[in-house]
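1. need coordinates for the below:
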Amino acid sequence: MTTRVVVLVVAIALVGGSLALWAEKRHNSGLSTLQDAMWWTVVTMMTVGYGDRVPITPAGRLVGVLVMFSGVAVISLLTAAISSTLVTRRLREAKGLQEIRARNHLLICGWSRHVEELLRHLRDDLIAHGRAVVLIDDLQEEAVEKLLFRHRDIDIKYVRGDFADETILRRANVEAAFAAVLVPDTLERTSGSPDERTVLATLTIKAIAPEVKVLAYIVDAQNEPHLRRANADRIVIGDAHSSFFLAAHVAMPGVPELLDALLGESGGMRLARQPVPGGFVGKTSGEFARHLRESKGALLLGFVSEEQGLSLEQVLSGDYSAIDDFIWRKLEESSKGLGKRPRVEVNLNPPDSYIIQERDVAVTIAPAGEG
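-> Here you go, the predicted model:
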């Protein structure tokens, strides 16, 4: 529609300019060239009226009247076309049908009570990096609007559909995503195990964009091997530490409360991950720990580093089930996702004499707001 209106404006400028030139050329030095005549036509059509050029012949003034009426009609059409485009886009966004053009965004696939808590924990990092969140699910439109309002300081976009569907993932621009977080549907809106969709979605994402990190949350620990074989980068098992917390309340009173304060939002301290400054590479862990304590009031817990892990072929070298066979065939069909997954090495509470390596990244307990 907008393109047609632009073509119409150009056509009127050409025809009106040509007629004005024919009528005024021999009598009016201000409209003696086609360029001047077209400029006068566009200015008149847009009702700007600079007054630098005016027709002086009866025929020229008649052309001017026709151009004025044409301009009113064209401006109305142009305004309607732009408004229609914007409204249509807004409606598609509200319904989750719009193609996502964001890049380096975070995909959150699925919905459960954990998603809003996840957004609260990620809020500062998302804003600091200018990173958008794209949520894929079948939520009701009203629920989506309330979610967007509650987290209005975060750039959240919504795509309606099944996050295991390739078409839906491509609409969410999964190829350009920073990472994908897969959340099981614990609201029992779908039949079957929620972990099955998580495995299928992991396979689909790795087939489309193998470089995108997939962080999968599963309900049943027995499905962890399937996720590993589907090439998920990180796996979180629900309630994996429940037994520890229960035992700690009995045997180590106070420890669960301390961990709650550290992992919650009201403790004033938080876990932080920060690169080691170049000047400390090759120096001891004790020197770096003193630097953190004195400069940031932070406590060094240890170091983490990413190393190349086992390839998928090595992971699948043992006995595997029918599901694993399905995973293997899907990855072979896509010819993607067969590379080695990085493995995180953890060096917890290193001795003061430990020599810091270039690959090391520090993990600390730091005051909230400190990087």
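2. and stretch 232-246, end to end?
-> 29 Å (C-alpha to C-alpha, to the nearest Å).
3. hmm, residue 213 is touching residue 231, no?
-> No - using C-beta atoms under 8 Å, residue 213 is not in contact with residue 231, being 10.7 Å away. Using the backbone N, CA and C atoms, a C-beta is placed for each residue, glycine as well.
4. what separates residue 237 from residue 272, distance-wise?
-> Going from residue 237 to residue 272 by C-beta to C-beta, to the nearest Å gives 24 Å.
5. the strands in the stretch 101-250 of the chain, which residues?
-> For the stretch 101-250 of the chain, applying DSSP state E, counting those that start in this stretch gives strands covering 106-109, 133-137, 156-160, 179-182, 213-218, 234-237.
6. so which of those is nearest residue 63?
-> Among the strands of the stretch 101-250 of the chain, the nearest to residue 63 by C-beta to C-beta is strand 156-160 (49.4 Å).
7. helices and strands around that closest one, which ones?
-> Under the contact definition 3 or more C-beta pairs under 8 Å, 6 or more residues apart in numbering; DSSP states H and E, strand 156-160 sits against helix 58-95, strand 133-137, helix 141-150.
8. swap in 10 Å and give it another go.
-> helix 58-95, strand 106-109, strand 133-137, helix 141-150, helix 166-171 (3 or more C-beta pairs under 10 Å, 6 or more residues apart in numbering; DSSP states H and E).
9. among these, which is the most enclosed?
-> strand 106-109 (a mean of 26; mean count of other C-beta atoms under 10 Å).
10. average pLDDT across that strand?
-> Averaged over strand 106-109, pLDDT sits at 94.
11. got the phi and psi for the residue nearest to residue 245 when sequence neighbours are not counted?
-> The shortest distance from residue 245 to any non-neighbouring residue, by C-beta to C-beta, 6 or more residues apart in numbering, is to residue 256 (5.1 Å). Note on residue 256: its backbone torsions stand at phi -60, psi -40 [degrees, to the nearest 10].
12. and the nearest residue to residue 350 once chain neighbours are set aside, what is it in contact with?
-> Nearest residue to residue 350, sequence neighbours excluded (C-beta to C-beta, 6+ apart): residue 285, at 4.6 Å. Residue 285 makes contact with 276, 300, 302-303, 347, 349-356, 360, 362 under the criterion C-beta atoms under 10 Å, 6 or more residues apart in numbering.
13. report the backbone C-alpha coordinates of stretch 133-149 in PDB.
-> Only the C-alpha atoms of stretch 133-149 are listed here, as PDB (Å, rounded to 0.1, in the frame of the first residue of the first chain):
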ATOM      1  CA  VAL A 133      14.600 -11.300  25.600                       C
ATOM      2  CA  VAL A 134      12.400 -13.300  23.200                       C
ATOM      3  CA  LEU A 135       9.800 -15.500  24.900                       C
ATOM      4  CA  ILE A 136       8.300 -18.400  23.000                       C
ATOM      5  CA  ASP A 137       5.100 -20.000  24.400                       C
ATOM      6  CA  ASP A 138       1.300 -20.300  24.000                       C
ATOM      7  CA  LEU A 139       0.400 -17.800  26.800                       C
ATOM      8  CA  GLN A 140      -2.900 -16.000  26.600                       C
ATOM      9  CA  GLU A 141      -2.600 -12.500  25.200                       C
ATOM     10  CA  GLU A 142      -3.700 -10.900  28.500                       C
ATOM     11  CA  ALA A 143      -1.100 -12.800  30.400                       C
ATOM     12  CA  VAL A 144       1.600 -11.600  28.000                       C
ATOM     13  CA  GLU A 145       0.500  -8.000  28.400                       C
ATOM     14  CA  LYS A 146       0.700  -8.300  32.200                       C
ATOM     15  CA  LEU A 147       4.100  -9.900  32.000                       C
ATOM     16  CA  LEU A 148       5.500  -7.100  29.700                       C
ATOM     17  CA  PHE A 149       4.100  -4.500  32.100                       C
END
